[in-house]
Structures are given as structure tokens and as C-alpha cells.
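Chemist: Provided below are the primary sequence and the corresponding predicted coordinates.
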Amino acid sequence: MDSGSSRKLTTVSNYLLHTYSIPCAWNLALSNFDTANSMKYPILLTLASLLLFGACGEEKDPNGDTLVSVQEPEKVNELVNDQLKSQLQKLSAVNSFSIGKDTITALPQVKEFYTGIQNSSAWLAGGKLTPAGDSLWHVISEAESFGLIPNDYHFSLIDSLMGTAFDTTKESYNVNKLSQVDMLLTDAFFAIVVHAAVGRIENDSSTARVWKITSLDTNLVEVLNTTRKSGHFYSTVSAFEPQRREYQAVKKHMNAYRASMKGIEWSHLPDRKTDSVGFFNGITQRLKETGDWDTSVVGNDSLKRASALKKFQKRHYLEQDGKIGRNTILALNMTPNDWYRQLAMNLERWRWEPEKFERSHLIVNLPAFKMTVWEEDTIVMESRIVCGAVKTQTPELDSKMYQIVLYPYWNVPYSIATKEILPHVQRDSAYLRKNRYEVLDRNNNLVDPNTVNWKKYSRGNLPFKFRQKTGDDNALGIMKFEFNNPHSVYMHDTNAKKYFKTETRAYSHGCMRLEKYMDLAHFLLRDDSVKYPRDTFDVWVKEDTQRKINLRKPLPIHVRYFTCEVDTNSNVEIHTDIYLRDERMMKVIYGIPEETDPAAQGSPKSDTKEKTKSSMLRERSPTLTPKLRYTKRYTVEWPIS
């Protein structure tokens, strides 16, 4: 070889080495090139190309990512592992790590998992997903079947990386993208298991998501290793979900609904204030979409609409008045996607609960306006309730019912005393006498109301308390059930029994009025029949004398907000989100911006005689304070077949 050709060959070698970073035998070939003295320069370039794209099989793309020929699957595997090792070395020194715009959620578990498999690829072989990787990818793509969001598990990013990792022009794989896919799939497994088991937020008052992996005492790295061998990822995620009958019934209903409404889209209703014609046309269209519109009804469109509305209201447990009130609009304005999300929020709520409540317990479900007493899996009694109005919502809580009070006083809360009673007294000096209120000073001494100049007091300045005397006309009725809670609410009889006849029973100041109060009292006293015989108790009920009866066995009570009520046959009843608590949860979980309450566009005279906006609901304190909850910890037996 002449010196000129040798220099040119050296130049080509250096260009290939420094431009494409090829650690191949090119320089060795150059140093031993005395056998090629007769070769000409064009042949040298051909040899360089062969070495570049044939022997070494890798190059760099314009972004600096390494490309490897499809003809060398082992080389793909090797360099994917190298990329993973490089990425994992970076993880060892950081507390957070992102790929693109996606954050690795379970960073400690990801590190531990890859350490256990010598920092090698878990889900890829020769540039393609392994059967285990494909099974995990399928679970991620079907996250909605668990009431979860695929993109919380890097669905779009993985899909994009996999779709662009293979260069069809150069028939080569981008090993940088493949290594990122591998790590994202690993992180996705940990995230979807945790979310399926214990949820994404603490309660329906949460303003941000919470990573709740510490609520699980199962070693998830071991779970992943076991499931990776079996490939049964769907079974694994399902095993971590609550196994409660109610959760499983809602999940089954949700997936049946998803299947039935696939590809069907509805529009939200136009704003009534700005487009009244479009609003009423939208109501008619929605009633046709729901199958409630009956063309055989005789009359004009208004009569047909009223008839259809009554059918719709009956199915949604609303007041069947044929009118377009607040709660009716909330239900009518729901699209298939909205209904799916409401079902998903109910799954989220069940993830906060223990696998079982106490053997005997009482549950109040606010959207269903119902109280149920359970003994194991049997309903002992049920009763209608009246709960708090939208402005004065009943809080969710856990406590124990410990006392029955016969003929209780009603000690009027300060907010009610100043906002409602004081203005009445200032207008009518006989108001207190007519409604049988007593006045007490700060030391609980009785005060003659006629000696007080009520005009001088205001909402921020009232040194007196009001107490309603005992009797049938007392706001608490003749019986009150006490349980400790920070909201000063309780369950009681009422002198306003007419509200039990309505479907939407949100009228109180926050306490729960009970229709079948005698049935509950008899149940509570059944274990203390010697001290409190039923006949004796029934006599006391007829006497206007205050008695306080401490229960021998306090009864656990759980006040909840499930818009999906599950009956004993696992049928699902869907109720209106009266307090918009599901909506608040959706805004946190789905990242929906704040908007005006959709019901605000409805009739000024609403189902609950109130108008409201989401902002008003957020300002109301009792429901927005964190609720007592069980600490949920899981131990799952492995392997799962």
C-alpha cells in the first residue's frame, strides 16, 4: 500500500471511530493491512462501510442515540443492558428521576429490582417485548378496567418509544429508547399495583395525589420477580385489588358499562343562561339517548319532556316531579365518560376501606340517604335518613355509638343561633316562646329573653346560647343517638317527618335524621335487656322525661359517601353526586381544571331548594377536613396462578 492510501485509510478509520464511536477491530485491521497492498482506495471505502454496518452493526442517530442493526439481536440485547446500567448508575445518586415528562414513581423499588437481575433488561429481547413484557404492557393498556388511568403508568410514552425504537429505513433499533421502555415498564408495575390496592389520594377532600406504597407490607420486588416468571400480570394486579363484594360488584358494573357504551359519545348540555333554546333541545336529546323519551305520549314537547324526566328521575333515585332541578341537571349532564369516572371514583373509595368492617356495625350512605345495620353479611335493619343540605353537608366519619338520649334538648350550634335564630328574634320578640327556646348565658344559667335587648347583638357578638325544650316538637324529636366526632353531629328523630317521603333528602344542618329510630334503639339495647327491658323502654319513650342510656356494647358507625350503592344481591344503584365530592376527586385524580358547578345553569328552584357552585362547596368546612380512616396494609400470598 502506498503512503497516500495508508493516510486516507487512517483518516477514514479515525472518522468512523470518533463520529460513530465504534469499538470494533477496524484499527487492528489497519495495522495488519500489509496483505492488502494491491487494494485501491475505493475498495478501502467499501471495506469501511462493511465494517461499519455489517461487522459492528451500530451507529449514532442525529440525537446521539445508538442504533443497532436488526440483523444482530444479541448486540441489541448487549447494548440495551449497557444503556440500562448507565441509567441505573445515575439513579443511585438521585431521589427523583424522569424519562421525558414522566417521573419514575417507585424509584427505590426500581433500583432494587434491577440490582437483583444484574441491571439487565427485564422485558425486551432482540428489540421486542418478551411474552412477560407483552403481558405487562397489556395490563397497562387496560388500566381503565381497574378504574385507573393508563397514562399514570407511562402508557403514551412507552407506546411512543416502542413505535419509534425501530428505524425502518436503516433497519436498526434505538437501544436508548428500548432501555427507557424497560425501566418505564418496571416502574409501571409498581405504580399500578399500589394504585389498585390502596388508591391515589387519601380521601375525597384531598387536593393532591399521594404515593401510598407504605400502606402495603408486601415486598413488591418479590411480587414482580414471581409474576415475571409466570407472566400472569392481570391476575397479580387483580389480587391486590380489594376483594370486598361491593368493590367487585362496582368493578363488574363499570366494565359492563364501558363495553356497552364503547364508541358512543354524548355532549354536555349548553348553558341555560346563555343558550336556553340549546339547553332545552339538549335535554330532549339526552332523554332520547337514555331511552326515556316516549314518542307515544300525547301532548306537546313540554308534556313529553316532563313524562320522560319522571322516568329518568325514577331510575336515578331523584324526586319524580318532571322538573329540571339541580340534581336532575347534574344527572342529565353526565356523559358516558362522566359515568365511567364516577364508577371509578367509587372503586377508589373502596380502596380506602378495610377488607371487612366489624362483625356488627352501622353504615350511613349519604348519596343514597340510607342507614343500614349489618351483622357480618346480613342486614339487620335499614332506614331512610335526612342528611345535611348542600350548604351544610354531613361529614364522613368513623366512630362508635355509645348512648341513647330520650327527650333530648337541642343545644343550638352557634352558627345556627347567629345566622338563623337571632334575626327571627330581632324581628319577632315572641319567636323564642313560640318555638320553645330557652336562653342561657355563658355559664349555662337560664336568662329571661324579655330582659335582653336583642337589637344590639349580631353574628359576631352573641353572648347567649339557645336551647330548645324537650318534647315531640323538638327539632331532635324524642330520641338522639350519641357518638364522638369532631363535627358535633349525631343521629336523631325529627319533628319534620314529611321529608322522609321525598327521594332527595338533603335538608338538615349536618346531623342525620332517622326515620326508624325506634328500630335502631331496640337493636342497640338487645344485649342489655336485663337492665333495660324492651317493655320498660317503650314506656319511657311515651314519657316526656329526659333519660340517658349508656350502651353496654357501643356500635361502630361509619358515615360514607358512595354514589354507587351495592345491594345484597350485588346489584349497583347509581345515585347523584349531591355534594360534588366525586367531582372534586376527579379534579385531583384526572387533573381537571376548576369549573362552575354544572347544576348552576339549572332551574332557580332546585331539587334541594338550593343553588350552589363548586367553589361554595369547597368553602364548607366539615366535609373538607381529613376524615378518620383505617390504616390499610396488605399481605398477599404468592405465587398466584
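Modeler: Received, thanks. Bear in mind the structure is a predicted one, so any value in this text is a computation, not a measurement.
Chemist: from here on, contacts and neighbour counts on C-alpha atoms
Modeler: OK.
Chemist: okay, now the domains of the protein?
Modeler: The chain breaks down by automatic domain parsing into domains covering 3-56, 66-241, 353-408+476-641, 410-469.
Chemist: redo the ones you listed as CSV? Include mean pLDDT and distance to residue 265.
Modeler: As requested, the domains of the chain are arranged in CSV below (pLDDT from 0 to 100; distance: least, C-alpha to C-alpha, whole Å):
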stretch, mean pLDDT, distance to residue 265
domain 3-56, 43, 51
domain 66-241, 94, 17
domain 353-408+476-641, 83, 18
domain 410-469, 92, 45
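Chemist: can I get those in a markdown table with mean neighbour count?
Modeler: Converted to a markdown table, the domains of the chain look like this (neighbours: other C-alpha atoms under 10 Å):
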| stretch | mean neighbour count |
| --- | --- |
| domain 3-56 | 14 |
| domain 66-241 | 19 |
| domain 353-408+476-641 | 18 |
| domain 410-469 | 15 |
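Chemist: show me which strand runs longest in the chain.
Modeler: For the chain, the strand that runs over the most residues, judged by DSSP state E, is strand 547-560.
Chemist: contact partners of that one?
Modeler: For strand 547-560, the external contacting residues (C-alpha atoms under 8 Å, 6 or more residues apart in numbering) are 358, 360-366, 395-407, 524-525, 527-528.
Chemist: show me what the helix or strand following it is packed up against.
Modeler: Using DSSP states H and E, the helix or strand that directly follows strand 547-560 along the chain is strand 564-566. If you count contacts as 3 or more C-alpha pairs under 8 Å, 6 or more residues apart in numbering; DSSP states H and E, strand 564-566 packs onto helix 245-260, strand 572-574.
Chemist: just the mean pLDDT for the following helix or strand past the first one, thanks.
Modeler: To tie it back to what came earlier, the one meant is helix 245-260. Per DSSP H and E, the first helix or strand lying C-terminal to helix 245-260 is helix 276-289. Averaged across helix 276-289, the pLDDT comes to 89.
Chemist: restricting to C-alpha, output helix 276-289 in CSV.
Modeler: C-alpha atoms of helix 276-289 as CSV (Å, rounded to 0.1, in the frame of the first residue of the first chain):
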residue,chain,number,x,y,z
SER,A,276,-81.9,28.5,26.7
VAL,A,277,-83.1,27.1,23.4
GLY,A,278,-80.0,24.9,23.0
PHE,A,279,-80.3,23.9,26.7
PHE,A,280,-83.9,22.5,26.3
ASN,A,281,-83.1,20.9,23.0
GLY,A,282,-80.1,19.3,24.7
ILE,A,283,-82.4,18.0,27.5
THR,A,284,-84.7,16.4,24.9
GLN,A,285,-81.7,14.9,23.0
ARG,A,286,-80.3,13.4,26.2
LEU,A,287,-83.7,11.9,27.2
LYS,A,288,-83.8,10.3,23.8
GLU,A,289,-80.2,9.0,24.2
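Chemist: that helix: how far from the chain's middle?
Modeler: Chain-centre distance of helix 276-289: 30 Å, with C-alpha atoms, centre = their mean, to the nearest Å.
Chemist: same check on stretch 270-283?
Modeler: Distance of stretch 270-283 from the chain centroid (C-alpha atoms, centre = their mean) equals 31 Å.
Chemist: quick one: buried residues of that stretch?
Modeler: Neighbour counts over stretch 270-283 (16 or more other C-alpha atoms under 10 Å) mark 270, 271, 272, 279, 280, 282, 283 as buried.
Chemist: just put those residues in a markdown table and tack on distance to residue 330.
Modeler: Putting these into a markdown table (distance: C-alpha to C-alpha, whole Å) gives the following:
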| residue | distance to residue 330 |
| --- | --- |
| 270 | 13 |
| 271 | 13 |
| 272 | 13 |
| 279 | 13 |
| 280 | 15 |
| 282 | 13 |
| 283 | 12 |
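Chemist: looking at these, which is nearest residue 431?
Modeler: Nearest to residue 431 among those is residue 272, at 40.2 Å by C-alpha to C-alpha.
Chemist: how far away is the closest one from residue 454?
Modeler: In this view, residue 272 and residue 454 are 43 Å apart by C-alpha to C-alpha, to the nearest Å.
Chemist: then residue 187?
Modeler: Distance, residue 187 to residue 454, by C-alpha to C-alpha: 66 Å.
Chemist: coming back round to it: using CSV, list the CA coordinates for the longest strand of the chain.
Modeler: C-alpha atoms of strand 547-560 as CSV (Å, rounded to 0.1, in the frame of the first residue of the first chain):
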residue,chain,number,x,y,z
ARG,A,547,-83.1,9.8,80.2
LYS,A,548,-79.6,9.0,79.1
ILE,A,549,-78.9,5.3,78.4
ASN,A,550,-75.3,4.2,78.0
LEU,A,551,-74.9,1.2,75.7
ARG,A,552,-73.4,-1.9,77.1
LYS,A,553,-71.8,-2.6,73.7
PRO,A,554,-71.1,0.6,71.7
LEU,A,555,-71.9,0.1,68.0
PRO,A,556,-69.3,1.1,65.3
ILE,A,557,-70.7,3.7,62.9
HIS,A,558,-69.3,4.6,59.5
VAL,A,559,-70.7,7.5,57.6
ARG,A,560,-69.7,7.2,53.9
